[in-house]
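Peer 1: give the three-dimensional model of this entry:
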Amino acid sequence: MTDGLIRPEQIDGDLGTLVTVTQVGHGFTDPTSSVCVVRHNGSQWVKAQANLPENAEAIWVVIEVVSADVFKIKKVGQIDITGWGLTAGTVYFLDPDTAGAITSTKPSTTGDIVVAVLYTHTVTEGELLHLIGYLVTSTVDPYTQQDLFDNDSTYIVVGDKTSDKVVLIDYSFQLPISGRQRNGRLTVSHDGSNTTIDEDYFYEEGDEITTVTFGAAISANELRVTIVTSSVGENPKLIYRTLILPIAA
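Peer 2: Sure thing, here's the model as predicted:
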């Protein structure tokens, strides 16, 4: 491309594909030593930042700087993070203070945007996430990491049935060894005794993951999402956050 724009037909199907961008004097840093998170502002590519919603939308990560005028970006999937100096087993967020940077400290100042960008399997291998960001307020839960086991059944508590009628759960189901992942949103609702759950997929990396099943249940006053894994082949990890819709009981 010569105008720096990524068109829908160029990202349709596989968001994990490297995209080559030409932008004269882009000024982005070589990713062999540090991460550079970018976005398109409507006229050119600039560094992303989690200080305002418009600065943190539709973000990509620079994978290679070909020249002063050409670079390659990726939105989701496995990447090589050798030399980045990151800690294994950690979620990194878009930095609200430094444009283009990531941080292991979840933004917590009101008005900042929480966008999980990367999960590090090791110090050399990472997984770019594709999760919806959210504005920091006093009513939104942070992202949570949940270690799971293969061939197991467990649950997470996502709300209180006495006050919460509809709960949205944005999640990334990760297989750290194989690098496969399934990202999406669960919508859990109930009428006081019966629950329903709907799932929308955002993205899958690698072979389709069909050996995890999400369900919904009520126990006492707890509104739960149940998770059943079978023959996944490794112990998965779930990264998620919940958003409770303000619907009156």
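Peer 1: ok, and the closest non-adjacent residue to the residue nearest to the spatial centre of the chain?
Peer 2: In the chain, the C-alpha nearest the mean C-alpha coordinate belongs to Leu131, at 3.0 Å (C-alpha atoms, centre = their mean). Once flanking residues are discounted, Leu131 sits nearest to Ala116: 5.0 Å by C-beta to C-beta, 6 or more residues apart in numbering. For every residue, glycine as well, the C-beta is placed using N, CA and C.
Peer 1: just checking, that neighbour touches Phe93?
Peer 2: Yes - counting by C-beta atoms under 8 Å, Phe93 is a contact partner of Ala116 at 5.7 Å.
Peer 1: tell me which residue lies farthest from the centre of the chain.
Peer 2: Distance from the C-alpha centroid of the chain peaks at Ser193, with 31.7 Å (C-alpha atoms, centre = their mean).
Peer 1: how about that residue, secondary structure?
Peer 2: Under the three-state scheme (DSSP: H, G, I helix; E, B strand; the rest coil), Ser193 adopts coil.
Peer 1: residue contacts, Val24?
Peer 2: Asp69 (C-beta atoms under 8 Å, 6 or more residues apart in numbering).
Peer 1: now swap in Leu52 and tell me
Peer 2: Applying C-beta under 8 Å, 6+ apart to Leu52 gives the contacts 111, 113.
Peer 1: switch to 6 Å and redo it
Peer 2: For Leu52, the contact set (C-beta atoms under 6 Å, 6 or more residues apart in numbering) is empty.
Peer 1: need the contact list for the residue nearest to Val19 when sequence neighbours are not counted.
Peer 2: Nearest residue to Val19, sequence neighbours excluded (C-beta to C-beta, 6+ apart): Ile73, at 5.4 Å. Taking C-beta under 6 Å, 6+ apart, we find Ile73 in contact with 19, 60, 62.
Peer 1: same check on Thr226?
Peer 2: 155, 215, 217.
Peer 1: grab the nearest non-local neighbour of it.
Peer 2: Nearest one to Thr226, counting by C-beta to C-beta, 6+ apart, is Gly215 at 4.1 Å.
Peer 1: what about the helices in this protein?
Peer 2: Using DSSP state H, the helices assigned to the chain run over residues 8-11.
Peer 1: domain-wise, how is it divided?
Peer 2: 8-128, 141-244 (automatic domain parsing).
Peer 1: which of these sits closest to Leu135?
Peer 2: domain 8-128 (6.0 Å; C-beta to C-beta).
Peer 1: so where's this structure uncertain?
Peer 2: Along the chain, the model assigns pLDDT under 70 to residues 1-16, 138-142, 202-208, 246-249.
Peer 1: go with 50
Peer 2: Counting by pLDDT under 50, the chain contains low-confidence ranges at 1-14, 248-249.
Peer 1: columns distance to Leu135 on top of the domains of the chain, output as CSV?
Peer 2: Converted to CSV, the domains of the chain look like this (distance: least, C-beta to C-beta, whole Å):
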stretch, distance to Leu135
domain 8-128, 6
domain 141-244, 11
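Peer 1: okay, how far is it across stretch 66-77, tip to tip?
Peer 2: 20 Å (C-alpha to C-alpha, to the nearest Å).
Peer 1: then stretch 158-176?
Peer 2: 24 Å.
Peer 1: contacting residues for Gln146?
Peer 2: Leu238.
Peer 1: can you tell me how far it is from Arg224?
Peer 2: Gln146 is 13 Å from Arg224, where distance means C-beta to C-beta, to the nearest Å.
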